[in-house]
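Asks: what's the 3D shape of this:
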Amino acid sequence: MEHAAPTGVDLDADRLAAFIRSRVGDFAGPLGLRRVEGGQSNPTFIVDAGARRYVLRRKPAGTLLPSAHAVEREFRVIKALEGSAVPVPRVRALCEDPSVLGSSFYLMDFVEGRILGDQTLPGMAPGERRAMYDELNRVLAALHSVDYRALGLRDYGREGNYVERQIERWTRQYRAAETTRIDAMENLIAWLPTQVPAQAGTSIVHGDYRLDNVIFHPTEPRIVAVLDWELSTLGDPLVDFAYHCMNWHLALGTHRTLAGVDLAPLGIPDEAAYVATYCRRSGLGVDGRIPHWRFYLAFNMFRLAAIQQGVARRALDGNAANSRAASVAERVGATAIAGWEQAQLAKGLC
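Replies: Take a look at the predicted model:
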């Protein structure tokens, strides 16, 4: 039976169908494929195989930056977390043979629910918004409390010097993708290594935990799956939490964040209250506050700018996973400037 891929889907449907039948399960009828817009890094597809629906994540084609697009790591951590306090989709199969689809990929079950992009949660009552944000907070604290050794993830990353290694890594990634000089990035690259606080502890860190990387239950304020684990590793949970909290500071341009929003009428907690709740759940921080908070925000804005620069570079090279990737280049400078402003606040200069 022939399985014709729809226009714009660069997958060999016949090879994929054969793989699913041999590794996941047989099915009747043609294979359905649909590209999902939204992922900036790894191309993502919805796959209909008979009565079963899967999500396929693959590495993009073309020349890739070192250590990027690690779908194999995504597969490993999601599989390890199945049955834990962290909700994840069920993964079905990993393929590292490029002869099948041209690059490594994995399949996981499609999870029904809501993926929300506007951080202000329009159309909801204040109580609903409050519950949604409390659930976001709860799940991230749960991830940071998981015993990664018991899950077989002791070698998923190194257990010390997380921020130092991240600064080195993202400086390299940024240099590899750099297209023009950005003074704020140069300032951060020079300042950050001199200010690194002692690591709060080691946990699994998601690396990109935000509203649109989780699936909420169709009607309840309950997360049923955390998605997009490409940047996950072992690291400092406070750094991971601060990345999530950039939502209160940055206007990203692609979807509405909480920056500059009057939160009280919406029922959404302000940053201080959200941080205090996380501290209570995780047992981290001091008296509901996180020391070196401005540093953590500055570091994460530097890291985000480096990630954005990589997306911009792939857009120029013609292998970006999202058709809107070129517009990301315009935001690199703004993100870096915001990070340098946080560094200035940390130094008490503004």
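
Asks: tally of neighbours for Val163?
Replies: 23 (other Cβ atoms under 10 Å). For the C-beta atoms, the positions are set from N, CA and C on the backbone; glycine is no exception.

Asks: look up the closest residue to it, ignoring the ones flanking it.
Replies: Val196 (4.9 Å; Cβ to Cβ, 6 or more residues apart in numbering).

Asks: distance check, Arg210 against Glu330.
Replies: 20 Å (Cβ to Cβ, to the nearest Å).

Asks: higher neighbour count, these two?
Replies: More crowded of Arg210 and Glu330, by other Cβ under 10 Å: Arg210, with 19 against 11.

Asks: surely Glu271 meets Trp248?
Replies: Yes: counting by Cβ atoms under 8 Å, Glu271 touches Trp248, with 4.2 Å between them.

Asks: now do the shared contacts for those two.
Replies: Shared contacts of Glu271 and Trp248, defined by Cβ atoms under 8 Å, 6 or more residues apart in numbering, are absent.

Asks: pLDDT on stretch 171-188, on average?
Replies: Mean pLDDT, stretch 171-188: 95.

Asks: what distance separates stretch 133-152 from the centre of its chain?
Replies: 15 Å (Cα atoms, centre = their mean, to the nearest Å).

Asks: how about stretch 183-201?
Replies: On Cα atoms, centre = their mean, the centre of stretch 183-201 falls 21 Å from the chain's centre.

Asks: which parts of the protein belong to which domain?
Replies: 13-109, 126-347 (automatic domain parsing).

Asks: now the shortest one: how far from the chain's centre is it?
Replies: How far domain 13-109 lies from its chain's middle: 17 Å, per Cα atoms, centre = their mean.

Asks: next: the longest one.
Replies: Per Cα atoms, centre = their mean, the displacement of domain 126-347 from the mean C-alpha position of its chain is 8 Å.

Asks: tell me where this protein has strands.
Replies: Taking DSSP state E as the criterion, the chain carries its strands at 31-36, 44-49, 52-58, 91-95, 105-109, 203-205, 214-216, 223-226, 233-235.

Asks: just put the ones you listed in TSV and tack on mean neighbour count and mean pLDDT.
Replies: Compiled in TSV, the strands of the chain are given as follows (neighbours: other Cβ atoms under 10 Å; pLDDT from 0 to 100):
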stretch	mean neighbour count	mean pLDDT
strand 31-36	18	93
strand 44-49	19	96
strand 52-58	21	96
strand 91-95	19	97
strand 105-109	23	97
strand 203-205	24	98
strand 214-216	21	98
strand 223-226	21	98
strand 233-235	23	97
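
Asks: among those, which is nearest Ala80?
Replies: strand 203-205 (8.7 Å; Cβ to Cβ).

Asks: who does that closest one touch, helix- and strand-wise?
Replies: In terms of contacts (3 or more Cβ pairs under 8 Å, 6 or more residues apart in numbering; DSSP states H and E), strand 203-205 is packed against helix 126-145, strand 233-235, helix 237-244.

Asks: show me what the shortest one is packed against.
Replies: Using 3+ Cβ pairs under 8 Å, 6+ apart as the contact criterion, the neighbours of strand 233-235 among helices and strands are helix 162-177, strand 203-205.

Asks: among the ones you listed, which is nearest Met124?
Replies: strand 203-205 (28.7 Å).

Asks: list of residues touching the closest one?
Replies: For strand 203-205, contacts defined as Cβ under 8 Å, 6+ apart pick out 77, 81, 143-146, 148, 153, 156, 162, 232-237, 239-240.
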